[in-house]
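J.: Take this sequence and fold it.
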Amino acid sequence: MPANLATRTSRLGLRATPEQEVVLRRAAEAAHKSLTDFILDAACQAAEQTLLDQRLFMVSGSQYQAILDMLDRPETDNPGLADLFSRRPVWSEK
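T.: Prediction:
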């Protein structure tokens, strides 16, 4: 069931500056959402992204061994990768 249709039983409290409140209210209005829905959606999206960005990956013993085996293999020539690294990055061309 989508979060906005589920019964909300938990209460969260936060404090904001008057300027932050104005920005949040204007953005909620522009998104055609209540202030609560806008803040919860934005906070949950940021929380999910934070969790996805974690560097810890859980794998089985056999998966871990497969990763170690790949890392232990001798390197091979990769012309495409060599070409890519020989180019100047787009963001440094100013």
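J.: Next, report how far the lengthiest helix in the chain is displaced from the centre of its chain.
T.: Across the chain, the helix with the greatest residue count (assigned by DSSP state H) is helix 35-52. Put simply, helix 35-52 sits 10 Å off its chain's centre (CA atoms, centre = their mean, to the nearest Å).
J.: Start from the N-terminal end of this protein and give the strands.
T.: Read by DSSP state E, the chain holds no strands at all.
J.: For it, give me the ranges with low pLDDT.
T.: 1-5, 94 (pLDDT under 70).
J.: quick one: buried residues of the longest helix of the chain?
T.: Under the neighbour-count criterion of 16 or more other CB atoms under 10 Å, helix 35-52 has 38-40 buried. Backbone N, C-alpha and C define where each C-beta goes, glycine included.
J.: what sits against Lys33?
T.: Asp41 (CB atoms under 8 Å, 6 or more residues apart in numbering).
J.: measure it to Leu51 for me?
T.: 23 Å (CB to CB, to the nearest Å).
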